[in-house]
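In: pasting the structure only:
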């Protein structure tokens, strides 16, 4: 049975955290490690996480819940801490406010791994956007293709970060680049997929929604800066000419 490490990054996240914790606790898949990496919150975030750990133990769940709370240098620094601590076969980042859509989500992801074959480098699925009341807002505009490669992201981030399960050995070899404030996740996904291709491993799509993404995250609040930074990420991986061409193509297409 493969092991999933779910990493949740928090900082003063008490208003949105509970739904995330509930969705992990509800998973009927047994082999789960859940790391909560907190940036030394000053609200009730850590107390909520401790209550969740006690609840997991009291219910006799086989899930392992681990909590670390200390100052960090921002979101992606915290994610690198999660990478270093993870012991699972696959790592997925489910941040405060985001949630698994059903109790069967991790089981369905695991079912896509064929016994006796090399573990795919990436498992990926669909994402829905929800509001603060967990109500459906929309399907994510960019949809994951049936055949994904590292070159696919030249058309945009086709797979949401929360729906991207990276094989742990590959993920650990590719920590987040802290030069990027808003788009290190895009860069990380591309580098993970490039290494997957170099190793001649599969990228396997899960044909269902595997993450509910809370509308209004950090990138949305810094939209202009995020777009500029993402352009630099794309140019780094795909070249300036290709990036400019794809940008112009999307602008024309939206008119």
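Out: The structure has been received and is ready for your questions. Keep in mind it's a predicted model, so treat the numbers as computed, not measured.

In: dihedrals phi and psi, residue 203?
Out: Dihedral pair for residue 203: phi -120, psi 120, per degrees, to the nearest 10.

In: contacts only, for it.
Out: Counting by Cβ atoms under 8 Å, 6 or more residues apart in numbering, residue 203 makes contact with 120, 121, 122, 123, 124, 148, 149, 193, 196. For the C-beta atoms, the positions are set from N, CA and C on the backbone; glycine is no exception.

In: and the fourth one, how far from residue 136?
Out: Read it as residue 123. From residue 123 across to residue 136, the span is 23 Å (Cβ to Cβ, to the nearest Å).

In: got it, and the fifth one?
Out: Using Cβ to Cβ, residue 124 is found at 21 Å from residue 136.

In: then the third one?
Out: When Cβ to Cβ is applied, the distance between residue 122 and residue 136 equals 26 Å.

In: who has more neighbours out of these two?
Out: Counting neighbours by other Cβ atoms under 10 Å for residue 122 and for residue 136 shows that residue 122 has the greater number, 24 against 12.

In: what's the nearest residue to the more buried one if we skip its chain neighbours?
Out: Closest residue to residue 122 apart from its sequence neighbours, by Cβ to Cβ, 6 or more residues apart in numbering: residue 203 at 4.4 Å.

In: quick one: the helices in the protein?
Out: For the chain, the helices defined by DSSP state H cover 14-25, 45-58, 75-85, 105-110, 168-172, 184-198, 218-221, 223-238, 240-254.

In: residue 142: which of these is closest?
Out: helix 240-254 (10.6 Å; Cβ to Cβ).

In: show the average pLDDT along the closest one.
Out: The pLDDT scores in helix 240-254 average 50.

In: ok, stretch 74-93 next?
Out: When pLDDT is averaged over stretch 74-93, the result is 98.

In: and the end-to-end length of that stretch?
Out: Stretch 74-93 has an end-to-end distance of 15 Å (criterion: Cα to Cα, to the nearest Å).

In: and that stretch, how far out from the chain middle?
Out: From the chain centre to the centre of stretch 74-93 is a distance of 10 Å (Cα atoms, centre = their mean, to the nearest Å).

In: ditto for stretch 98-110
Out: With Cα atoms, centre = their mean as the basis, stretch 98-110 stands 13 Å off its chain's centre.

In: ends of that stretch, what's the gap?
Out: Terminal-residue distance, stretch 98-110 (Cα to Cα): 20 Å.

In: contacts made by it with the rest, please.
Out: Here stretch 98-110 makes contact (Cβ under 8 Å, 6+ apart) with 1-2, 4, 19-20, 22-24, 26-29, 32, 90, 94, 123, 125, 128, 130, 134, 162, 165, 206, 208-214.

In: which ChimeraX command selects the buried ones in the residues you listed?
Out: Filtering those down to the buried ones (16 or more other Cβ atoms under 10 Å) takes a single ChimeraX command:
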select :2,4,19,20,23,24,27,29,32,90,94,123,125,128,130,162,165,206,209,210,211,212,213,214
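
In: which ones among the contacts of stretch 98-110 map onto strands?
Out: Among the contacts of stretch 98-110, DSSP state E puts 4, 32, 90, 123, 125, 128, 130, 165, 206, 208-214 in strands.

In: now, the most widely separated pair of the residues you listed?
Out: The span of these, defined through Cβ to Cβ, is set by 90 and 130 at 23.4 Å.

In: now the helices of the chain as JSON lines including distance to residue 144?
Out: Shown next, in JSON lines, are the helices of the chain (distance: least, Cβ to Cβ, whole Å):
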{"stretch": "helix 14-25", "distance to residue 144": "20"}
{"stretch": "helix 45-58", "distance to residue 144": "30"}
{"stretch": "helix 75-85", "distance to residue 144": "21"}
{"stretch": "helix 105-110", "distance to residue 144": "13"}
{"stretch": "helix 168-172", "distance to residue 144": "18"}
{"stretch": "helix 184-198", "distance to residue 144": "11"}
{"stretch": "helix 218-221", "distance to residue 144": "18"}
{"stretch": "helix 223-238", "distance to residue 144": "18"}
{"stretch": "helix 240-254", "distance to residue 144": "17"}
